[in-house]
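*Asks:* just a sequence and a predicted model for now, questions to come.
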Amino acid sequence: MGVPEALSSKAVVQAAWPIRRVRQAGLVVFHLLALGPLFTGVTTEGVLIGVALYGVRMFGITGVYHRYFAHRTYKTSRWFQFVLLLVASTSLQRGAIWWAAHHRDHHRWSDQKADPHSPEQHGLWHAHIAWLWSERARRSGHVPRDLVKHVELRLQDRFWMVPGYALGFAIWYVFGWSALFVGFIWSTLASLHLTMCVNSVVHRWGTRRFETRDGSRNNWVMGLLVFGEGWHNNHHHDQSVCRQGLAWYEVDLTYYILRGLQAVGLIWDIKEPAWQANKRLARGAKRAVEADAAAS
């Protein structure tokens, strides 16, 4: 039985936000809901839920949507890919196919006119969030064929709101209104705006280790808040590797979590920078030689 046209690869990538003004209004309403604690108060329970959700969902964006689906910097099984997909879905940052398609466009045309969110070309406000309401956000010239071959990814790209809103409903049902506003709404908006700061702020302010063809910078504040994504100049220098914090002081929480998942066998083949991979090969060869010497 074939896949319906509505779920075909090109249709899925281009079907995002068919009623753009409704989506604009939805984002505005979501920001207005952040004022809810003025009426419900702020509870310790809500704050703890918000901190936990921020951490989980920020990893979903950085470690799953970005480093896995957009750049394929490690491998995993089909079942654990689905688990990671569900985690990332709760961030309400659209579907994996949409996310990867637009991010690959960003790297292909970084800080050129075709870049969907370049502060140099379109201004800071557009690069931060207004691009989400543009025609360019609705469709991408790139179809990620490595992703659209999976029916679950096509379905998730079409019904991307379901996991996130189901989570929000569960939090409201179990913990009440304050937890919904503080725990769910605030953490959703925090993860959204800090993710968008990588598109805007980190292409304007910070330091440059590498002479890339764009305006990407390394920004230590964003490096901490966005779990390693603030080492953006490092990333634009070599987008094929998983590790973005290259120096010991460049904290890259996403990379550390992924290394932990690799240690327990849930993911594998993390793509390391060449110098790090060579060091590990050298250490492995040295241990092999020492073992052979001890056995002889």
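*Replies:* Alright, I've got the coordinates.

*Asks:* could you use CA atoms for every contact and neighbour count after this?
*Replies:* OK.

*Asks:* show me where pLDDT drops low in the stretch 101-250 of the chain?
*Replies:* Along the stretch 101-250 of the chain, segments meeting pLDDT under 70 span 136, 139-141.

*Asks:* mind redoing it with 80?
*Replies:* Counting by pLDDT under 80, the low-confidence segments of the stretch 101-250 of the chain come to 134-142.

*Asks:* so where do the strands sit in the stretch 1-150 of the chain?
*Replies:* Shown for the stretch 1-150 of the chain, the strands assigned by DSSP state E, counting those that start in this stretch span residues 75-76.

*Asks:* what about the helices in it?
*Replies:* 9-14, 20-33, 37-40, 44-59, 78-89, 96-108, 119-122, 124-128, 135-138, 145-148 (DSSP state H, counting those that start in this stretch).

*Asks:* okay, the ones you listed in a markdown table with distance to Val174 and mean neighbour count next?
*Replies:* Written out in a markdown table, the entries for the helices of the stretch 1-150 of the chain read as follows (distance: least, CA to CA, whole Å; neighbours: other CA atoms under 10 Å):
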| stretch | distance to Val174 | mean neighbour count |
| --- | --- | --- |
| helix 9-14 | 34 | 20 |
| helix 20-33 | 19 | 13 |
| helix 37-40 | 15 | 12 |
| helix 44-59 | 11 | 19 |
| helix 78-89 | 20 | 18 |
| helix 96-108 | 29 | 22 |
| helix 119-122 | 42 | 18 |
| helix 124-128 | 34 | 19 |
| helix 135-138 | 35 | 16 |
| helix 145-148 | 35 | 15 |
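
*Asks:* dump these to JSON lines, plus distance to Gly168.
*Replies:* Putting the helices of the stretch 1-150 of the chain into JSON lines (distance: least, CA to CA, whole Å) gives the following:
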{"stretch": "helix 9-14", "distance to Gly168": "25"}
{"stretch": "helix 20-33", "distance to Gly168": "12"}
{"stretch": "helix 37-40", "distance to Gly168": "15"}
{"stretch": "helix 44-59", "distance to Gly168": "11"}
{"stretch": "helix 78-89", "distance to Gly168": "12"}
{"stretch": "helix 96-108", "distance to Gly168": "20"}
{"stretch": "helix 119-122", "distance to Gly168": "32"}
{"stretch": "helix 124-128", "distance to Gly168": "25"}
{"stretch": "helix 135-138", "distance to Gly168": "25"}
{"stretch": "helix 145-148", "distance to Gly168": "27"}
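
*Asks:* so which of those is nearest Trp160?
*Replies:* helix 78-89 (6.4 Å; CA to CA).
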